[in-house]
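Participant: Sharing a model prediction with you, sequence too.
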Amino acid sequence: MVNLIEMSNISKSFGGNLAVDRVSLELLPGSVHALMGENGAGKSTLMKILAGVHQPDRGSIRKDGLEIAFASPGEALESGISTVFQELSLLANLTIAENMFLGREPVTRFGTVDYRRMNAETRNALGELGLTLDPETLVSELSIAERQFVEIAHGIKADASIFILDEPTAALNAADVEVLNRHIRRLRDEGKAVVYISHRMDEIFAICDAVTVLKDGKLIGTRPLSEMTPASLIAMMVGRELQDLFPPREKAAGDEILSVENFRIDTASKAFSLHVSKGEIVALAGLEGQGQQKFLRALVGQFQPFGGTVTIKGKGLSLPVGQEGGIRQLQAAGVGFVPEDRKEEGLFLGLPVEHNIAIGLHARARELSVAKGHRNTVADVMASMNVKADGPSAIVGSLSGGNQQKVLLGRYLAADMDILLIEEPTRGVDIGAKSEIYGLLRDFANKGGAVLVLSRETIELIGLCDRIYVIHDNTVVSEMPAASATEHDILDAALSA
Amino acid sequence: MSRSIRRLMTGSQSRQGMWMLPLVLAVIICVFLAVRTEQFANPENLLNLVAQAMPLVITAIGQMFVVVVGGLDLSVGSLISFTTAILALDGPGYVLIPAVFILAALVGATNGFVVTRLNVHPIIATLAMQYIILGITRILRPVSGGTVPDVVIWAVSETFLGVPMPVYWGLFVILVAWKLLHGSRFGLHLFAIGGGIASGVQDAARNFGVADKRTVVLAYVCSSCFAALAGVFLAGRIVSGDPNVGLLFELDAITAVAIGGTQLSGGIGSLQGTVIGAAVLALLSNGMNLTNVSPFIQTAIKGSLLLLVVGLQSRKKMGL
């Protein structure tokens, strides 16, 4: 088969920084090619070169055997290379339809933009993705997930032969991802070449045919996915085995710091109790949506359970806590809550790192007290967590996922919390940062903190935690030490309950 | 109901910006003046008003092209003076008139080149250009004098089919500007580029395949050419070349654009808003003259109005 695209020995540096170092990549028609690597491995840069955003310093690109070079994204698009960029790049002051057709608007006989045609075609394109948005809606009015979908619609509707999807699913839920996958398969069956960048293993194995792994700007290798397993892929990406990701467990747990008695999520569910001790990381495992999240959110006052009592550091509190004051009450007791969706619920994306961290300290101060800069604290946290940013004034939205997650964690570490409740500690975070975050949580526990964590990635819970509570049907069905637990054990406990 | 009225007034959820509020303001001023003074509703005064406002309307419309892409053009005032000075040179109209537009296009292209290729801030780039043109104008014509071609005078002061010429100027300018801004790909691209800049993503429109640099250069060319048109109109009114006639015109043009709801950060604005903004300024000065308000107070009122109207326009985020 003839290669559609052949990138050979591409190099690109920014300043003195070699972002891509002699990387070669071949794309076959009718295939979905995964591009993997940690954040900063050079995936996005390589794809931006193919999309004409950056020009390579060295190396050549051939399309259908002919050498090509793009001076601008417009030229790449004209040669049939369409991109869904990682950052949301839609223009907020334009309508959906205008964004969809920007740069290739149809015109009427009178030379005016043909809005009727643009709106009709946009409505169709959105309909195919299962969306019923009005094409004349300004993009500024859309939610993040809707914007992501419009971006995808823009990318995959283009009349192109090569499609680059750079983390298209970051803001999508499982059902939306399935819709996208269907379209990717359609493109593949039409003989197009698709490059797919994602951190989600299950997606990669669900739709990709081959995978190319980059590390530190260098090519590690290209393999057919049929020869790979998630574990071998991770090993290829990090250059080490999975076990090395997790920090060693501490032996003894201290005094009990958090205990929950007679907790009932709703009237129909069975009451259960659990406890967490100082120095412990405890997991809530099980199938998705079995009550783990409701339980965690009930402890911070964001979900109103039927009833129960919580004892934090010896002080009793009966649930449900008030919706208004619950979070402050728990915060005052030294409980920090790290929500699953750091972009929507956790961070202030438009604000600098320092404010995002310091707000944890401000939250406990009185409304009219002077808001101190907490510069030293912020600097200490950033240094101890190894946050990679251009200083404390860097805007959080500009950081990579892993660094954003560290900033969010840093907020609660800076505020000197005793207990952390964490949903999805490493969602959308690359392997290297994952390992660092695990280390940070373990350090926190070793210093006498307690962590209660839930995650969709069971392997993560097994590797990170000391004890696992398996939750099924809104109640705890089993408790096991993590050291000897397997994925099979947990599934078995959940389903046999 | 009240919410949708507020939405309409403030132009939120629209790319057109807040142009309804200045429209209401203009109507209020008109009604007030019609009731309070006898001269205002007089056809002669109204026609005079149109003729007086025309150079500002034209310049403000040109300025808007640049403001929409997040820029500013401070060179238009000097360019207006320069245009009158060129027109007052010895020579036939069929040479001088095309010449001023060619020169203006060159000035605009230079502004655009300096901004897009040399990455100089628009204020500095066009401020420098303002000084350069002012210097050349003063060399050409140190004090006002000379006469402009008859055709220019005719085109401004005569009537055609019983309608005074300034009305045709207004219609022509609005038609051309509407076509460029709201009826072409070029116009949409201007808003796209400005929208990207306003939300802090410099290359957003470029990533869609929009030829951003070329489009921005063309925006500066539009600004200069509209300013030259305003200069031709003014030359017809004063019949001579005057090195100071365009003085501070750029600031009035920016004021009109801002009052009309165009966001100086780029990406939001409308033609009707700009015309209304210029009309508000013209009505204000005409009305205050009719009611004998001191010119000093007039200036202070103009400033307060600018602050008030632009203050009301502030948006939480782009496009909201």
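Facilitator: All right, it came through fine.
Participant: Residue 107: how many residues sit nearby?
Facilitator: All of this is about chain A. Residue A:107 sits with 13 neighbouring residues when counted by other C-beta atoms under 10 Å in any protein chain shown. (Glycine included, C-beta is placed from N, CA and C.)
Participant: try again with chain B
Facilitator: 27.
Participant: if I read this right, it contacts residue B:225, doesn't it?
Facilitator: No: contact criterion C-beta atoms under 8 Å: residue B:107 and residue B:225 do not qualify, at 9.3 Å.
Participant: which residues do these two both contact?
Facilitator: The contact sets of residue B:107 and residue B:225 do not overlap (C-beta atoms under 8 Å, 6 or more residues apart in numbering or on different chains).
Participant: pLDDT weak spots in chain B?
Facilitator: Where chain B drops to pLDDT under 70, the residues are B:1-13, B:314-320.
Participant: What is the neighbour count of the residue in the stretch 51-200 of chain B positioned nearest to chain A?
Facilitator: In the stretch 51-200 of chain B, the residue found nearest to chain A is residue B:195; the distance is 3.7 Å by C-beta to the nearest C-beta. Using other C-beta under 10 Å, residue B:195 has 33 other residues around it.
Participant: pLDDT value on residue A:48, please?
Facilitator: pLDDT recorded at residue A:48 is 88.
Participant: elements contacting the helix or strand hosting residue A:436?
Facilitator: Counting by DSSP states H and E, the element that carries residue A:436 is helix A:431-446. Helix A:431-446 sits against helix A:230-238, strand A:281-285, helix A:401-414, strand A:419-423, strand A:450-454, helix A:458-464, with contacts defined as 3 or more C-beta pairs under 8 Å, 6 or more residues apart in numbering or on different chains; DSSP states H and E.
Participant: So which bits of stretch B:91-100 are buried?
Facilitator: Going by neighbour count (16 or more other C-beta atoms under 10 Å in any protein chain shown), the buried part of stretch B:91-100 is B:93, B:96, B:97, B:99, B:100.
Participant: Can you tell me how far the residue of the stretch 1-150 of chain B found nearest chain A is from residue A:138?
Facilitator: Using C-beta to the nearest C-beta, the single residue of the stretch 1-150 of chain B nearest to chain A is residue B:15, 5.0 Å away. Note on residue B:15: its distance to residue A:138, by C-beta to C-beta, to the nearest Å, is 7 Å.
Participant: more crowded one of the two?
Facilitator: Each of residue B:15 and residue A:138 has its neighbours counted (other C-beta under 10 Å); residue B:15 has more, 26 against 22.
Participant: ok, for the more buried one, nearest residue in space, not its chain neighbours?
Facilitator: Nearest residue to residue B:15, sequence neighbours excluded (C-beta to C-beta, 6 or more residues apart in numbering or on different chains): residue A:93, at 5.0 Å.
Participant: Return the residues in contact with the one you found.
Facilitator: Residue A:93 neighbours (C-beta under 8 Å, 6+ apart): A:138, A:139, A:140, B:15, B:191, B:194, B:195, B:198, B:267, B:268, B:318, B:319.
Participant: And the helices in chain B, which stretches?
Facilitator: Secondary structure of chain B, counting by DSSP state H: helices at B:2-10, B:20-36, B:43-68, B:76-87, B:93-116, B:122-140, B:150-157, B:165-182, B:185-198, B:204-207, B:212-238, B:249-259, B:271-290, B:295-313.
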